[in-house]
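*Asks:* coordinates for the following, if possible.
(one chain, ligands or ions: 1)
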Amino acid sequence: MRWGVRMPRNGEINIKFGVYKTVCCGNEIVINVGSTFPDCPKHPKLMTEWKPVLDSKLETPSGISFTRKNNDPAA
Ligand SMILES: [Zn+2]
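*Replies:* Residues are numbered from 1 along each chain as shown. Okay, the predicted model is just below:
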């Protein structure tokens, strides 16, 4: 699947504070700017991609949708 937005991986420095979860198993963390994305606690030997967990305040370019919450055109 292509989202059009590159996801950070383990070992990379976070540049945006927020909640992220592993693509592999959905393990969520909160990570500060300047912190390094860790390995997935369940899959430490794999490359781990961390997907930003976005809440209702979506700011997505060109109609890309990351969540399947209620469609809210008035948002
Ligand atoms: Zn995992």
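*Asks:* okay, CA-based contacts and neighbour counts for the rest of this
*Replies:* Fine.
*Asks:* might one say that residue 7 is in contact with residue 49?
*Replies:* Yes. Under the criterion of CA atoms under 8 Å, residue 7 is in contact with residue 49, at a separation of 6.1 Å.
*Asks:* show me which of the two is the more surrounded one.
*Replies:* residue 49 (22 against 13; other CA atoms under 10 Å).
*Asks:* wait, what's in contact with the closest residue to the more buried one other than its chain neighbours?
*Replies:* Closest residue to residue 49 apart from its sequence neighbours, by CA to CA, 6 or more residues apart in numbering: residue 9 at 4.4 Å. Counting by CA atoms under 8 Å, 6 or more residues apart in numbering, residue 9 makes contact with 37, 47, 48, 49, 50.
*Asks:* now do the same contact list for the fourth one.
*Replies:* This means residue 49. 7, 8, 9, 10, 22, 23, 24.
*Asks:* for the last one, same thing?
*Replies:* The neighbourhood of residue 50, defined by CA under 8 Å, 6+ apart, consists of 7, 8, 9, 10, 20, 21, 22, 23, 37.
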